[in-house]
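# fold the following, please.
(chains A and B)
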Amino acid sequence: MCTIPRATYIVNFGLFEKGRTMSKNMKQTQLFTKTRKDAPADEVAKNAQLLIRAGYIHKEMAGVYSYLPLGLRVLKKIEQVIREEMNKINGQELFLSSLHPKERWEATGRWDSLDVLFKLKDTLDREYALGATHEEIITPLAQEYISSYRDLPFAAYQFQNKFRAEVRSKSGIMRGREFIMKDLYSFHVSQEDLDQYYERAVAAYLRVFERCGLGAQTYLTYASGGTFSKYSHEFQTLTDAGEDIIHLCDTCKVAVNEEIIAEQPACPKCGGALTPQKAAETGNIFKLGTKYSAAFNLTFKDAEGKEQPVIMGCYGIGLGRLMGTAVEVLSDTKGIVWPREIAPFKVHLISIAGKSDEAIKEATRVYDDLIEHGVEVLWDDRDARAGEKFADADLIGIPLRLVVSERSIAEGGYELTERKTGQSKLVPESMLLQTLKSNV
RNA sequence: CGGGGCGUAGUAUACCGGUAGUACGUCUGGUUUGGGACCAGAUAGACCGAGUUCGAUUCUCGGCGCCCCGACCA
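Sure, this is the predicted structure:
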């Protein structure tokens, strides 16, 4: 007997999950979370209300959330989008420790100055910090491997839990005390090289937000810089759930953070007038210069054999905040509306029982067929009425809803509805895969 | 950290100085099946501590927790 790996036959419709860590299908009766009709009383933020109601997340305490199977799928999708874009700009993925030696933070002075730093002691009274950011780890690490200009430039990134003792966490998953961040650090021989890389990072970030469905609402925003550049840049996504006010120029698609509006009252690109709007900071990039390389003596030998400080940049995106912002920005009165690339599944299959078991049998066939073709599908196989299933599908927010019922079969196929627009059409069985392809 | 609000079944809520009612959920049985069905039965609850009181879930104080506004946010 000869078995040929199925993968060789799979046509990539763009429906497929790219990593191999996630199952591609799930029956809703086996999904251990359930939806809720009522929003939790202790959440006001729309993102938290919807994500909890739909079973994506669970609150452990103020500012700390667990991600349930559905939520983790979204998080992993976002992670994969970011990973692909970071790899495109030569980022090398690594995974740094969360437990940090106290001395590192003393070396930069931030043991005392960074008030959100979690500090802890072990049973022998030795002190540590929980990673709030990772300059204190990556810089000494880089120092061990960088010695020549030939070792530069170099960029490394990770997806890592960050711990910050926010005095007041708020806005659901948008400002937590523990959260996952992608942080990228770049190392350069010169300011010019950093500047060039920085521009590539800007482009990569814009692609990330575009792919996560927030391209239209996200603005490259000028913010207060630091010692090594006039400005730093934030990526601000327009939403009332945000904490910042930005002043935007719609012709240039850039904005100025209110904190520097006094010194930069006009568009930095065209000099035009700006209009204020509320926004959430979904990304931040920063030219660090030599601040951390100086603290840890990170140097390299240039072509003349002269020792020079390494120039650094750092680039962050909070995954949870991005996810929460997507919910805030894209949801409607019925529930969440996920953009295609970060949706937990691509298709929500809804079977509606009739007098006979015909529809269920048909739905089983469709489910198996979608699995066979690698389409990510959640099947609502519950013994529930249509209205409840529709309401839950709207709440969960998977981009495409596929209804298999006696009625649809009698009409000649299945009903395919787009969550975002509510537009639906009848699709004959023979056209199903092809239609799905043209809908994503 | 300053100010304000709130803690009652799994969830959302109501009433009350005399130990708690409703809805949803869940479980059992039945009828249903295209926009959160119906009937019958069942399940399950006062954040913690102290005080006042004959008696506290209710009033007072303290603690803890959660939310909001502000401050803060490499």
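
# partner residues bridging residue A:64?
residue A:61 (DSSP bridges).

# tell me how far it lies from residue A:48.
12 Å (CB to CB, to the nearest Å). Heads up, the C-betas are built off the backbone N, CA and C, glycines and all.

# okay, the two: which has more neighbours?
residue A:48 (25 against 15; other CB atoms under 10 Å).

# so that one is in contact with residue A:56, correct?
No - counting by CB atoms under 8 Å, residue A:48 does not reach residue A:56; the two are 9.8 Å apart.

# low-confidence ranges, the stretch 1-150 of chain A, go.
Low-confidence segments of the stretch 1-150 of chain A, defined by pLDDT under 70: A:1-21.

# what do you get if the cut-off is 50, keeping everything else the same?
Low-confidence segments of the stretch 1-150 of chain A (pLDDT under 50): A:1-19.

# where do the strands of the stretch 301-440 of chain A begin and end?
For the stretch 301-440 of chain A, the strands defined by DSSP state E, counting those that start in this stretch cover A:307-309, A:311-318, A:347-352, A:377-380, A:400-405, A:414-418, A:424-427.

# out of the ones you listed, which comes closest to residue A:100?
Ranking the strands of the stretch 301-440 of chain A by proximity to residue A:100 (CB to CB) places strand A:311-318 first, at 15.9 Å.

# residue A:141 - that's part of a strand, no?
No - secondary structure of residue A:141 (DSSP: H, G, I helix; E, B strand; the rest coil): helix, not part of a strand.

# show me the contacts for the residue lying closest to it once chain neighbours are set aside.
Of all residues not flanking residue A:141 in the chain, residue A:96 sits nearest, at 7.5 Å (CB to CB, 6 or more residues apart in numbering). By CB atoms under 8 Å, 6 or more residues apart in numbering, the residues touching residue A:96 are A:131, A:134, A:137, A:138, A:141, A:158, A:160.

# residues near residue A:265, how many?
So residue A:265, with other CB under 10 Å, has 12 neighbours.

# I'd assumed residue A:274 was in contact with it.
Yes - judged on CB under 8 Å, residue A:265 makes contact with residue A:274 at a distance of 7.4 Å.

# near RNA strand B, anything from the helix or strand containing residue A:160?
Per DSSP states H and E, residue A:160 falls inside strand A:154-163. No - residues of strand A:154-163 are not located near RNA strand B by CB under 7 Å from any atom of the strand, the shortest gap being 7.8 Å.

# partner strands of the following helix or strand past that strand and their direction?
For strand A:154-163, the following helix or strand on the C-terminal side (DSSP H and E) is strand A:178-188. Strand A:178-188 pairs in its sheet with strand A:154-163 (antiparallel), strand A:311-318 (antiparallel), by DSSP bridges.

# now those in JSON lines, with distance to residue A:229, mean neighbour count and mean pLDDT?
Below are the strands paired with strand A:178-188 laid out as JSON lines (distance: least, CB to CB, whole Å; neighbours: other CB atoms under 10 Å; pLDDT from 0 to 100):
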{"stretch": "strand A:154-163", "distance to residue A:229": "18", "mean neighbour count": "19", "mean pLDDT": "97"}
{"stretch": "strand A:311-318", "distance to residue A:229": "9", "mean neighbour count": "24", "mean pLDDT": "97"}
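
# so for residue A:372, which of those strands sits nearest?
strand A:154-163 (31.5 Å).

# just to check, residue A:380 is in contact with residue A:347?
No - contact criterion CB under 8 Å: residue A:380 and residue A:347 do not qualify, at 11.0 Å.

# circling back: and the strands paired with strand A:178-188 as TSV, adding distance to residue A:197?
Below are the strands paired with strand A:178-188 laid out as TSV (distance: least, CB to CB, whole Å):
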stretch	distance to residue A:197
strand A:154-163	7
strand A:311-318	7
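
# and the ones you listed: which comes nearest residue A:396?
Per CB to CB, nearest to residue A:396 of the strands paired with strand A:178-188: strand A:311-318, 23.1 Å.

# quick one on the thing from earlier: which one of the contacts of residue A:96 sits closest to RNA strand B?
When these are compared for distance to RNA strand B (CB to the nearest atom of the strand), residue A:134 wins out at 9.3 Å.

# torsion angles phi and psi at that closest one?
phi -120, psi 20 (degrees, to the nearest 10).

# what's the neighbour count on it?
Burial measure for residue A:134: 25 neighbouring residues, criterion other CB under 10 Å.

# now do residue A:319
Residue A:319 has 22 neighbours, counted by other CB under 10 Å.

# show me the helices in the stretch 251-400 of chain A, by range?
Remark: helices assigned in the stretch 251-400 of chain A by DSSP state H, counting those that start in this stretch are A:291-295, A:319-330, A:358-372, A:386-396.

# export those as CSV, with columns for mean pLDDT.
Shown next, in CSV, are the helices of the stretch 251-400 of chain A (pLDDT from 0 to 100):
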stretch, mean pLDDT
helix A:291-295, 96
helix A:319-330, 97
helix A:358-372, 95
helix A:386-396, 97
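
# adding distance to residue A:176, write these out as a markdown table.
Below are the helices of the stretch 251-400 of chain A laid out as a markdown table (distance: least, CB to CB, whole Å):
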| stretch | distance to residue A:176 |
| --- | --- |
| helix A:291-295 | 25 |
| helix A:319-330 | 6 |
| helix A:358-372 | 35 |
| helix A:386-396 | 22 |
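
# of those helices, which is nearest RNA strand B?
Closest to RNA strand B of the helices of the stretch 251-400 of chain A, according to CB to the nearest atom of the strand: helix A:386-396, at 2.3 Å.

# relative to strand A:347-352, how tilted is the closest one?
Angle between the axes of helix A:386-396 and strand A:347-352 is 170 degrees (criterion: axes from the mean of the first three to the mean of the last three CA atoms, to 10 degrees).

# buried sites along helix A:386-396?
Residues of helix A:386-396 classed as buried by neighbour count (16 or more other CB atoms under 10 Å): A:389, A:390, A:391, A:392, A:393, A:394, A:395, A:396.

# wondering if it reaches RNA strand B at all.
Yes - contact of helix A:386-396 with RNA strand B (CB under 7 Å from any atom of the strand) involves A:386, A:387, A:388, A:390, A:391, A:392, A:394, A:395.
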